[in-house]
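> Give the three-dimensional model of this entry:
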Amino acid sequence: MVSIVCSLRHHTDEVSCCAFSPSLLATGSGDKSLRVYNTADFSELPFSPLSAHGYGVHCCCFSSCGSYLLSCSTDGSTIVWSSETGEVSAVLQHPGRSPLRVCALAHDSSLLLAGACDGTVALWDFPSKTLRRCSAVSEASVTASCFSPCSQMFVTGCTRGDIRLWDVDISLLHAEKDAHDLGVTCCNFAPQFKVDDCCVEFRLASCGQDSQLKIWIISQREGAACVMKLNHTLTSQSAPVLSCAFSSDGELVVSGSVDKSVAIYDASLGTLLHVLKQHDRYVTAVALSTTMPWIATGSMDRTVNVWRIGDGDIRAAAESRQAVCQGRKLPGYSRLLLADWSEEDVQTWLSKEGLEELVGLFKANNIDGPELSQLDKETATELGIKSVGLGGCLLRKIDALKAEQSGSEAPDEFLCPITRELMKEPVIASDGYSYERESIQRWIRSKNKTSPMTNLPLQTTLLTPNRSLKMAIARWKSSSSF
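Residues are numbered from 1 along each chain as shown. Below you'll find the model as predicted:
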């Protein structure tokens, strides 16, 4: 039985990644932030969210002991965070400042790897945070990477569909051409490996734009070349598979897809066990806890669902944790629509904004989210807010809240692909995509005239104003209730 434990709705943009440590769950998003939760009750930690990236977060992972959280971003940096305090321990910039799509830490925490859009990987010595080397591993963007459980080799996958196996000196051990037609999206080693008669054997899961999840056997005898053999091709999902992960015991493999489903398989037999359909949009991330029977799934619908694997009646526990998660939806952080706020949410927001003296007044008048959104100078006076300064401060904070929610709830096509913010001066670049003028100009100056969306060279740096999109955004803003 697989049952949902809770849904976390704190991100303001699509969820791009999630990862477990022995006691924490981390999630990353296009909103440039990471959020960190305690897996005892899935309450958000006091220092969350973590916000140091300039652009969206693409990947996150914990060190094996859980002391460090790592994240990488379109801004070309990998940030090392303290899991205890949320402080930044190190910022490691890709030498070519190329956007990063994936990062991975060796199981023994000796090496850190970051895969970039320019087809290179940067390899750092993790204890000293010094760059060992940066090498080209593909002619296309590196979109997937992971270390073997022995930490002596790693795999890369790219948008051309190839999977390549490397040693820690970035020497090629094996290349599997066209492993996934149209591109590899994710790969993950099973935690266990076999050693028998001087032969070591690993299992690797990979998924891609071909709507397939594949399980490979990678083996190497002493003194011989690596061999990569396909073990299972799993095809239960009807659209591109964006993420995959093994359970800590290697018995299960889980995948998330563009068809909005999460598939759970027996990793040894390749048989489908469960299909979970709780997300409203693409499932972009999956992770399994190493210590508890949890699965976390992230989606473009901005939610992270936490599931429990196992038999028995767990409804009471699920309802209990659901209540805890709901209780953590603080207005300033969860970005719930103002129209959905309860009276308690409004009162919590007042306290967080330094307006504690109004809490009693709002409680006595049963002011909830919809009423707060309609509050103006007249109604503030009717409520008995006689201080001009206090009333003005309240109205300014309400206006700022509306503006913030207006931007975060905008249709995706109104957001700049680089900053994920509502566009003011949209322009069309030669790659056919629309961007905020200032953002794409800054990108062109620093990224060697490549497309942020395709990583291919821009044929020209000419930018054409997208007047129809600008008008559509203006119409949306004028008709929005916020």
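> contacts, neighbours, all on C-alpha from now
Noted.
> Could you measure from residue 249 over to residue 266?
According to C-alpha to C-alpha, to the nearest Å, residue 249 and residue 266 sit 11 Å apart.
> what about the two, which has more around it?
residue 266 (16 against 10; other C-alpha atoms under 10 Å).
> Could you count how many residues lie near the closest residue in space to the more buried one that isn't next to it in sequence?
Excluding its sequence neighbours, the residue lying closest to residue 266 (C-alpha to C-alpha, 6 or more residues apart in numbering) is residue 252, at 5.0 Å. By other C-alpha under 10 Å, 21 other residues sit near residue 252.
> I figured residue 252 was touching residue 263, is that so?
No. In this structure, residue 252 is not within contact of residue 263 by C-alpha atoms under 8 Å, at 10.2 Å.
> for the stretch 201-350 of the chain, what spans make up the strands?
213-221, 227-234, 241-246, 252-257, 262-266, 271-276, 283-288, 294-299, 304-309 (DSSP state E, counting those that start in this stretch).
> quick one, which of those strands is nearest to residue 117?
strand 241-246 (17.0 Å; C-alpha to C-alpha).
> List the buried residues for that closest one?
Within strand 241-246, the residues that count as buried by 16 or more other C-alpha atoms under 10 Å are 241, 242, 243, 244, 245, 246.
> Residue 193 versus the second one, what's the distance?
Distance, residue 242 to residue 193, by C-alpha to C-alpha: 25 Å.
> what do you get for residue 144?
21 Å.
> Likewise for residue 463?
With distances taken as C-alpha to C-alpha, residue 463 is found 52 Å from residue 193.
> hang on, residue 291 packs against residue 22?
Yes. Residue 291 lies in contact with residue 22 (C-alpha under 8 Å); the separation is 5.7 Å.
> Of the two, which one has the most company?
Taking other C-alpha under 10 Å, residue 291 and residue 22 do not tie; residue 22 has more neighbours (16 against 12).
> who are the neighbours in contact with the more buried one?
Residues in contact with residue 22 (C-alpha atoms under 8 Å, 6 or more residues apart in numbering) are 65, 66, 289, 290, 291.
> In space, what's closest to the fourth one - neighbours in sequence excluded?
In this structure, residue 290 finds its nearest non-sequential neighbour in residue 248, 5.1 Å apart by C-alpha to C-alpha, 6+ apart.
> Tell me where the protein has helices.
Secondary structure of the chain, counting by DSSP state H: helices at 315-327, 331-334, 343-352, 359-364, 369-373, 377-383, 388-408, 437-446, 467-479.
> Just the buried positions in the fifth one, please.
Same thing as helix 369-373. Going by neighbour count (16+ other C-alpha under 10 Å), the buried part of helix 369-373 is 369, 370, 372, 373.
> for the fourth one, same thing?
Of the residues in helix 359-364, those scored as buried under the neighbour-count criterion (16+ other C-alpha under 10 Å) are 359, 362.
> Just list the residues touching residue 105, thanks.
So residue 105 contacts 61, 62, 63, 111, 112, 113, 146, 147 (C-alpha under 8 Å, 6+ apart).
> what stretches of this protein score poorly on pLDDT?
197, 311-340, 402-410, 412, 447-448, 479-482 (pLDDT under 70).
> farthest residue from the center of it?
Here the centre of the chain is the reference, and by C-alpha atoms, centre = their mean the most remote residue is residue 386, at 45.8 Å.
> overlap in contacts of residue 252 and residue 263?
Counting by C-alpha under 8 Å, 6+ apart, no residue touches both residue 252 and residue 263.
> Skip the chain neighbours and tell me the closest residue to residue 463.
Nearest to residue 463 is residue 429, by C-alpha to C-alpha, 6+ apart, at 5.1 Å.
> likewise residue 70?
Per C-alpha to C-alpha, 6+ apart, closest to residue 70 is residue 80, 4.7 Å.
> these two touch, right, the one you found and residue 103?
No. With contact defined as C-alpha under 8 Å, residue 80 does not count as touching residue 103 (11.0 Å).
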